[in-house]
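Asks: Fold the following for me, if possible:
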Amino acid sequence: MIRGKKILSYVVLVLLSLAVWLPLWSLLMSALTSSDELERTIGPAFRENGGQAVLPVLPTWPTLQPLTELLLDTPGFFSVFWNTCLLVFPQVLGQLLVGAPAAWALAQKELQGRKLILGLYIVLMLLPFQVLMAPSYFVLRRLSLLDTPWAIILPGVFSTLPVFLMSRSFSGIPPELIEAAKLDGANAIQIFVKIGLPLGRPGILAAAVLSFLEAWSAIEQPMSFLRSQEHWPFSLFLPVISSENLASGLAAGLITLIPAVLIFKFGQKYLELGIQAEGGLG
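Replies: Prediction:
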């Protein structure tokens, strides 16, 4: 009976793994498939008149043609890559510079109205972008920031999720360490830099990883606040290039996925530590 349950659990895990890996495998194989073969197999799924599409497990003749065309014959790809980096990295850096001190204050300082502030953070964190889209649009238009990278960077810098994650990590720091540092003459900034940042590193890195993944794949914010194609990130570029050249679009999708996978692989340990961080916010 126990052996049967183990076999059943293995089968379920294998099926779930296939559900996750099959799209990734298909994307990888599509990036190694010629344009003509892609048009014959999965091309009907991308046409308005439709048709029967076939998802091949392996390409008939593997080729680097889609990747070559994308990297050598599509200069707009590198412009979009730079646009994406310009939008993502300042957001993540700004979230750490702004969010870490705010999270430390919420976790370690006895502030008046602290619970109310935390409640507002949680409410704002749970609100979907669609609720905040209209007020954000009017504020950005008033500040003449629409259709500029700042329309994406500034709202991202003041995101509430990184503050929530880092404050949970900071709240797990033993109060005895902070009291000992105060007795040794350390001021508030020294305590934050020498004790808070090193011991709160799992939460900080977890927030950085999640913020990068969210900003890298964001589509609603750029679609709402960026009009000029010269500012477009990957999320807006991929549908356009896929409609023009299916092979190049799938190759671009594969290359777009690589940084996110590498960041997640690097930060997986810190994500687990950040989620397991002890201490509460009460």
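Asks: wouldn't residue 42 be in contact with residue 29 here?
Replies: No - under the criterion of CB atoms under 8 Å, residue 42 is not in contact with residue 29, lying 10.4 Å apart. Using the backbone N, CA and C atoms, a C-beta is placed for each residue, glycine as well.
Asks: any common contacting residues for the two?
Replies: Common neighbours of residue 42 and residue 29, using CB atoms under 8 Å, 6 or more residues apart in numbering, are residue 56.
Asks: Pull the residues that contact stretch 160-172.
Replies: Contacts of stretch 160-172 (CB under 8 Å, 6+ apart): 95-96, 99-100, 102-104, 106-108, 118, 121-122, 124-125, 196, 200, 202-204, 206-208, 210-211, 214, 274, 277-281.
Asks: for stretch 94-111, same thing?
Replies: Applying CB under 8 Å, 6+ apart, the contact partners of stretch 94-111 are 114, 117-118, 121, 153, 156-159, 162-171, 173, 178, 192, 196-197, 200, 203-204, 207-208, 211, 279, 281.
Asks: now do stretch 16-33
Replies: Residues outside stretch 16-33 that contact it (CB under 8 Å, 6+ apart): 38, 41-42, 55-60, 62-64, 66-67, 247, 250-251, 253-254, 257.
Asks: same question, stretch 74-92
Replies: Stretch 74-92 is contacted from outside by 70-71, 149, 152-153, 156-157, 159, 208, 211-212, 215-216, 222, 230-234, 237, 241, 248, 252, using CB under 8 Å, 6+ apart.
Asks: May I see the PyMOL selection of the buried members of the contacts of stretch 94-111?
Replies: Entered in PyMOL, the line below selects the buried ones among these, by 16 or more other CB atoms under 10 Å:
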select buried, resi 118+121+153+156+157+159+162+163+164+165+166+167+168+169+170+171+173+178+192+196+200+203+204+207+208+211+281
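Asks: List the residues that contact the residue sitting nearest the centre point of the chain.
Replies: For the chain, residue 213 is the residue whose C-alpha lies nearest the centre (CA atoms, centre = their mean; 1.3 Å). Residue 213 sits next to 260, 263, 264 when contact means CB under 8 Å, 6+ apart.
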